[in-house]
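Peer 1: using only what follows, build the 3D model:
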Amino acid sequence: MNDLQILSLPEYAIVGETRLQVQSLLGECFPGWFDGRSYVKQLPHFRFLAMEGESVVGQLGVDVRVINVGGTVIPIMGLLDTAVRLDRRNTGIATKLLDAAECHARDGELEFLVLMADRHDLYLKAGYRRIQPAPTKWLAIEDRQTIKVIERDLSDCFMAKPLTDKTWPTGTIDMLGYMF
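Peer 2: Purely as a prediction, here's the structure:
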């Protein structure tokens, strides 16, 4: 892992062989979700790529926006689809991707990192906490079409990490758009 580099690239700049590697990695890590694409619902704004030479060994998608929680508007960095090649897991790559995202978010004066996770251990170790309750409202997208607005408690998966001394407000979490 001596030649591991973490790159930050806008989505439009990830092309050719690199895009194919990202698609393959996401398909490997999330079987049945990506359907040969590099996104499920919507393209991320940019990605952090963990590169060993010319090989993509990990990736983390990023969506930057504001959300509204109980009437408080919060600038966030949403993290999506943390993925590390199966043969490179448990080597610190995911932690390095999360660290890079946190550094960028702090530089951008964002207040929270936000993500949805089925498995919480990695994120809890990195300082994230589960938001409970997490009544959430977002725009549903299926088969690349807007369907409706969904409202559901996401206490099982909603996690956030503060980047300032602010605490997470209470109230309904309005994603002000699609779920990343």
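Peer 1: what's across from the nearest residue to Asp81 once chain neighbours are set aside in the sheet?
Peer 2: Closest residue to Asp81 in three dimensions, ignoring its sequence neighbours and counting by Cβ to Cβ, 6 or more residues apart in numbering: Gly61, at 4.8 Å. For glycine as for every other residue, the C-beta is placed from the backbone atoms N, C-alpha and C. Taking DSSP bridges as the rule, Gly61 bridges to Arg47, Leu80.
Peer 1: please name the residues that touch Gly61.
Peer 2: Applying Cβ atoms under 8 Å, 6 or more residues apart in numbering, we find Gly61 in contact with Tyr39, Pro44, Phe46, Arg47, Leu79, Leu80, Asp81, Phe180.
Peer 1: most neighbours among those, which one is it?
Peer 2: Using other Cβ atoms under 10 Å as the neighbour criterion, Leu79 leads the contacts of Gly61 with 27 neighbours.
Peer 1: state the distance from that residue to Leu115.
Peer 2: Note on Leu79: its distance to Leu115, by Cβ to Cβ, to the nearest Å, is 4 Å.
Peer 1: ok, Glu17 next?
Peer 2: Where Leu115 is concerned, Glu17 sits at a distance of 28 Å (Cβ to Cβ).
Peer 1: so which of these two has more stuff around it?
Peer 2: The neighbour comparison of Glu17 against Leu115 (other Cβ under 10 Å) goes to Leu115, with 22 against 10.
Peer 1: rewinding a little: turn the contacts of Gly61 into TSV, including pLDDT.
Peer 2: TSV is the format used below for the contacts of Gly61 (pLDDT from 0 to 100):
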residue	pLDDT
Tyr39	83
Pro44	94
Phe46	96
Arg47	97
Leu79	98
Leu80	95
Asp81	95
Phe180	88
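Peer 1: which one of those is nearest Tyr128?
Peer 2: Distance to Tyr128 across the contacts of Gly61 (Cβ to Cβ) is lowest for Leu79, with 9.4 Å.
Peer 1: wait, isn't the closest one in contact with Val114?
Peer 2: Yes. Leu79 lies in contact with Val114 (Cβ atoms under 8 Å); the separation is 7.1 Å.
Peer 1: so how far is stretch 95-102 off the chain centroid?
Peer 2: What separates the centre of stretch 95-102 from the centre of its chain is 11 Å, taken as Cα atoms, centre = their mean, to the nearest Å.
Peer 1: meant to ask about stretch 66-85
Peer 2: For stretch 66-85 - counting by Cα atoms, centre = their mean - the centre lies 8 Å from the chain centre.
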